[in-house]
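> curious how this folds, go ahead:
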Amino acid sequence: MPTPCFARKILPALLCALAAAAGVADAAPTISRLTPPSNPLSADAVTLARFLPGQRFDLQATVRPDAGQTISSVEFKVDGVSVGTISGNGVVGNKSLLPATAITATVPNAVAASLRAYSTQSVGVHTLTAVATQSDGSVVSRDGNFEVVGIVANNGRPAKNIIIMLGDGMGAAHRTAARIMAKGYAQGKAQGRLAMDTFPYTGMVMTASLDSIVTDSAPGMANYVTGNKAQNNQEGVFPDDTTDAFDNPRVEYLSEYLHRNRNTALGIVTTADVFDATPAANAVHTSNRGNGTGIVDQFLDDRKLTGLTVLMGGGRKWFLPNASNSTNPQATNGSQRKTSTDYVLPDDLVAGWGASKGKLDAGRDLIADFQSAGYTYAPDKSALDAAGVPDKLLGLFTFSNMNVALDKINARRGVSTVVNDYGFPDQPMLDEMTDKALKVLNKNNANGFVLMVEGASIDKQAHLMDSDRWILETIEFDRAIQKAKDFATANPDTLVIVTADHECAGAAIIGAYTGTGASKSNVATYEAAKFPKYTINADGYPQTTDIAGKMLIGYGANADRYETWQAYPQPAQDSQQPFVGAAPLNTYPVNAAARTGNGFLISGQVSGEQAVHTATDIPLSAYGRGASLFTGVFDNTDVFFKLGQIAIGGAK
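Residues are numbered from 1 along each chain as shown. Down below sits the predicted model:
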């Protein structure tokens with residue numbers, strides 16, 4: 001045992017040594033984020049980031065130096081082999097080190113090191129390492145992992161064409177309700193099948209995003225066509241720590257991958273505004289699905305990366321010039337272009353991906369630029385019909401989201417003025433748009449195509465708990481599915497899948513309506529519900545949805561609403577429309593709770609004005625080349641690798 005004297009001499013020295021050691025330990029930078037995101041490697045860990053052989057994606061590390069120090073270099077290694085070193089601030093080719101001024105306040109004094117458009121053909125799980133060195137020579141490293149999923153070669157004939165029919169928000173109940181209304185039941189048997197019911201293979205899809213069990217539409221679509229999880233609000237990118245919504249680490253879309261390898265074409269058709277999450281998440285890379293100006297600019301400016309040949313839907317407000325760069329007051333032509341939602345891409349991203357740099361140009365006439373690039377422009381159904389079969393097609397039929405099927409059909413029947421009130425009385429139906437898109441894409445179809453068709457307002461009307469409107473949206477969507485199936489039957493090297501990005505509103509068929517008053521007592525359940533019988537007109541839609549014994553819908557993820565069990569003559573206001581605050585649109589109900597009528601209040605389970613998405617698994621049905629791969633229960637990212645196998649390696 002040391003004497004007290006000895007202890008008095010040795011303890012200060014020991015404490016000094018420990019303090020020095022602690023100082024050395026502190027004197028090292030930290031890597032707070034490594035991209036692609038990954039789980040720790042272990043025998044039972046799921047590899048988070050997965051790619052097809054040769055699929056491109058960005059490597060990035062967020063590095064924070066010690067106080068008073070700077071990051072002098074960051075090196076990326078794959079399986080211990082260097083794939084790139086970034087030294088000093090700035091950009092060299094496809095590599096960059098962004099200074100602290102570009103990083104969000106949540107990671108102060110950090111830098112972001114990026115290596116753009118990396119790819120490898122090597123199949124298997126790989127270790128990704130970032131090694132950061134700061135100005136005093138201190139070094140830190142961090143490991144992650146990613147997987148390259150192999151394609152079985154010569155596994156049958158590849159699919160030339162891939163058609164993705166995406167019913168936004170469409171769960172099993174939405175499909176069932178459309179069948180009951182469109183086909184009817186008698187003695188317990190459906191008297192017909194929807195087109196989607198006739199697909200021979202069906203599986204169930206898990207729909208979670210990178211950051212939630214409940215996805216929104218941006219990752220809900222992007223996960224299908226990148227093979228990787230995206231965060232809510234983001235499309236075609238991984239999350240990062242910079243303030244720029246367009247510089248996030250990219251991951252290559254199916255359309256880009258196949259266009260680069262096979263020179264395929266791309267078609268995007270939607271009943272939504274074309275800037276909306278689902279259409280954009282097939283071709284546009286951004287962390288903010290709301291940046292409409294930049295999103296639509298990227299459709300055109302990066303067409304050589306995607307092969308974009310057909311783009312149809314609403315959204316004209318993003319294509320019209322806005323010299324004032326303001327929407328307050330609203331531009332008289334309806335434009336909502338603003339520089340604050342546009343982009344200029346960093347040089348390393350441009351160099352790595354071959355992307356257009358972009359420009360902040362609210363005054364751009366994007367319709368004219370599409371026409372200069374060889375696209376035929378159709379502003380309405382009459383022009384669409386008159387266009388014949390052009391080489392490339394742009395159709396923009398409303399300022400924002402198109403009107404829904406119930407209102408378009410009633411306008412054609414002369415019993416509603418809704419589409420006139422919106423200012424666009426001559427809008428095509430989704431099946432008409434799908435038919436035209438297929439003809440254009442098949443015109444010069446040497447190398448095949450990818451076509452995404454979205455029934456967008458199944459979701460939008462389910463959010464509003466407008467049952468009659470979303471059921472007719474589902475029927476309209478099914479008529480478009482029939483067009484796709486007919487094409488695949490005539491062109492057997494085609495795969496068609498029908499699915500959704502998520503379920504919306506927790507919809508459920510609860511019974512039928514009896515009596516004349518709006519109350520719970522008039523909801524007939526079990527055997528009292530019987531079999532609703534709708535009369536279907538020659539146009540394929542019910543003569544009316546308000547019948548005796550009408551099918552009734554309840555919701556499990558609903559906001560407050562007033563319920564009459566009757567079809568509403570007017571839809572709720574669409575806040576995305578530029579002139580929604582002016583007559584006559586300002587006379588429409590502002591939300592579901594404002595549709596009082598003679599209804600009774602149903603209290604919601606969620607706050608706010610709208611029903612919400614749910615995490616419920618959703619059906620996926622497949623027809624054509626490789627359809628047999630889509631059975632069982634699988635993740636939404638698995639769909640991408642099935643599509644890759646079918647398109648590249650083939651399927652029996």
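
> alpha carbons only for contacts and neighbour counts from here, please
Will do.

> okay, the nearest residue to Ser287 once chain neighbours are set aside and Arg289: tell me how far apart.
What sits nearest to Ser287 in space, not counting adjacent residues and going by Cα to Cα, 6 or more residues apart in numbering, is Gln234, at 4.1 Å. Separation of Gln234 from Arg289 (Cα to Cα, to the nearest Å): 6 Å.

> what residues are shared contacts of those two?
Ala218 (Cα atoms under 8 Å, 6 or more residues apart in numbering).

> okay, those two: which has more neighbours?
Taking neighbours as other Cα atoms under 10 Å, Gln234 and Arg289 compare with Gln234 leading, 29 against 24.

> how about low-confidence regions in the protein?
1-27, 40-45, 596-597 (pLDDT under 70).

> domains of it?
26-148, 257-276+290-490+510-613 (automatic domain parsing).

> can you say which of the ones you listed is nearest to Ile164?
Checking the domains of the chain against Ile164 by Cα to Cα gives domain 257-276+290-490+510-613 as the closest, at 4.7 Å.

> straight-line length of the closest one, end to end?
30 Å.

> distance to Gln187 and mean neighbour count added to the domains of the chain, as a markdown table?
Below are the domains of the chain laid out as a markdown table (distance: least, Cα to Cα, whole Å; neighbours: other Cα atoms under 10 Å):
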| stretch | distance to Gln187 | mean neighbour count |
| --- | --- | --- |
| domain 26-148 | 48 | 19 |
| domain 257-276+290-490+510-613 | 8 | 20 |
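
> mind checking which of these is nearest Gln191?
domain 257-276+290-490+510-613 (10.7 Å).

> doesn't Gly581 make contact with Asp574?
No. With contacts counted by Cα atoms under 8 Å, Asp574 stays clear of Gly581, the gap being 10.1 Å.

> mind putting the domains of the chain in CSV, distance to Phe630 included?
Conversion of these to CSV gives the following (distance: least, Cα to Cα, whole Å):
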stretch, distance to Phe630
domain 26-148, 18
domain 257-276+290-490+510-613, 16
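
> for those, which one sits closest to Gly188?
Here domain 257-276+290-490+510-613 is closest among these (Cα to Cα), at 8.1 Å.

> gap between that closest one and the chain center?
From the chain centre to the centre of domain 257-276+290-490+510-613 is a distance of 14 Å (Cα atoms, centre = their mean, to the nearest Å).

> ok, now stretch 273-288?
On Cα atoms, centre = their mean, the centre of stretch 273-288 falls 6 Å from the chain's centre.

> just the buried residues of it, please?
Neighbour counts over stretch 273-288 (16 or more other Cα atoms under 10 Å) mark 273-288 as buried.

> in strands, which of these fall?
Asp273 (DSSP state E).

> pick out the most distant pair among the buried residues of stretch 273-288.
Spatially, the most separated pair among the buried residues of stretch 273-288 is Asp273 and Ser287, at 18.2 Å (Cα to Cα).

> strands along the stretch 451-600 of the chain, start to end?
494-499, 503-504, 507-513, 523-524, 551-555, 561-563, 600-602 (DSSP state E, counting those that start in this stretch).

> TSV for the ones you listed, including distance to Ala117?
Converted to TSV, the strands of the stretch 451-600 of the chain look like this (distance: least, Cα to Cα, whole Å):
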stretch	distance to Ala117
strand 494-499	29
strand 503-504	33
strand 507-513	42
strand 523-524	57
strand 551-555	44
strand 561-563	48
strand 600-602	51
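
> nearest to Ile367, of the ones you listed?
strand 494-499 (30.5 Å).

> ok, that closest one: who's next to it in the sheet?
Partners of strand 494-499 in the sheet, by DSSP bridges, are strand 161-167 (parallel), strand 618-624 (antiparallel).

> let me have those strands in CSV, extended by distance to Ala462 and mean neighbour count.
Listed next are the strands paired with strand 494-499 as CSV, based on distance: least, Cα to Cα, whole Å; neighbours: other Cα under 10 Å:
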stretch, distance to Ala462, mean neighbour count
strand 161-167, 12, 25
strand 618-624, 15, 24
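
> between those, which one is nearest to His463?
strand 161-167 (13.9 Å).

> got a list of contacts for the closest one?
So strand 161-167 is in contact with 448-456, 458-459, 474, 477, 481, 484, 493-501, 647, going by Cα under 8 Å, 6+ apart.

> what about Pro239, distance to Asn228?
For Pro239, the distance to Asn228 - Cα to Cα - is 12 Å.

> likewise His502?
For His502, the distance to Asn228 - Cα to Cα - is 16 Å.

> and what of Asn322?
From Asn322 to Asn228 the distance is 36 Å (Cα to Cα).

> ok, now Pro321?
Pro321 is 35 Å from Asn228, by Cα to Cα.

> again, but for Ala173
For Ala173, the distance to Asn228 - Cα to Cα - is 28 Å.

> comparing the two, which shows the higher neighbour count?
Asn228 (27 against 17).

> and the more buried one, what element?
In this assignment (DSSP states H and E), Asn228 forms part of neither any helix nor any strand.

> hang on, it packs against Arg50?
Yes. Using Cα under 8 Å, Asn228 makes contact with Arg50 at a distance of 6.4 Å.

> tell me if I'm right that Ser82 and Leu115 touch.
No. Ser82 lies out of contact with Leu115 (Cα under 8 Å); the separation is 11.7 Å.

> which neighbours do those two share?
Contacts common to Ser82 and Leu115, judged by Cα under 8 Å, 6+ apart, are absent.

> quick one: closest of the domains of the chain to Thr637.
Closest among the domains of the chain, using Cα to Cα: domain 26-148, at 8.8 Å.

> which secondary structure elements does the host helix or strand of Ile268 contact?
According to DSSP H and E, Ile268 maps onto strand 265-273. The contact analysis (3 or more Cα pairs under 8 Å, 6 or more residues apart in numbering; DSSP states H and E) places strand 265-273 against helix 254-262, helix 277-280, strand 308-314, helix 430-443, strand 449-455.

> could these go into TSV alongside distance to Val131?
Output for the helices and strands packed on strand 265-273, formatted as TSV (distance: least, Cα to Cα, whole Å):
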stretch	distance to Val131
helix 254-262	29
helix 277-280	35
strand 308-314	39
helix 430-443	47
strand 449-455	39
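
> of all those, which lies closest to Ile103?
Comparing the helices and strands packed on strand 265-273 by Cα to Cα, helix 277-280 comes nearest, at 25.2 Å.

> got the contact list for the next helix or strand after that closest one?
With elements assigned by DSSP H and E, the helix or strand that comes after helix 277-280 is helix 292-301. If you take Cα under 8 Å, 6+ apart as the criterion, helix 292-301 is touched by 274-276, 280, 283-284, 286, 308, 318-319, 336-339, 341-343, 355-356, 358, 362, 366, 370.

> quick one: which of the strands of the stretch 451-600 of the chain is nearest Pro329?
So among these, strand 561-563 is nearest, using Cα to Cα, at 31.9 Å.

> that closest one packs against which elements?
Using 3+ Cα pairs under 8 Å, 6+ apart: strand 561-563 touches strand 600-602.

> what lines up beside the strand it packs on in the sheet?
Strand 600-602 has these strand partners (DSSP bridges): strand 561-563 (antiparallel).

> and Gln427, what does it touch?
Asp380, Lys381, Phe397, Thr398, Met402, Asn403, Lys408 are the contacts of Gln427 under Cα under 8 Å, 6+ apart.

> that'll do, ta.
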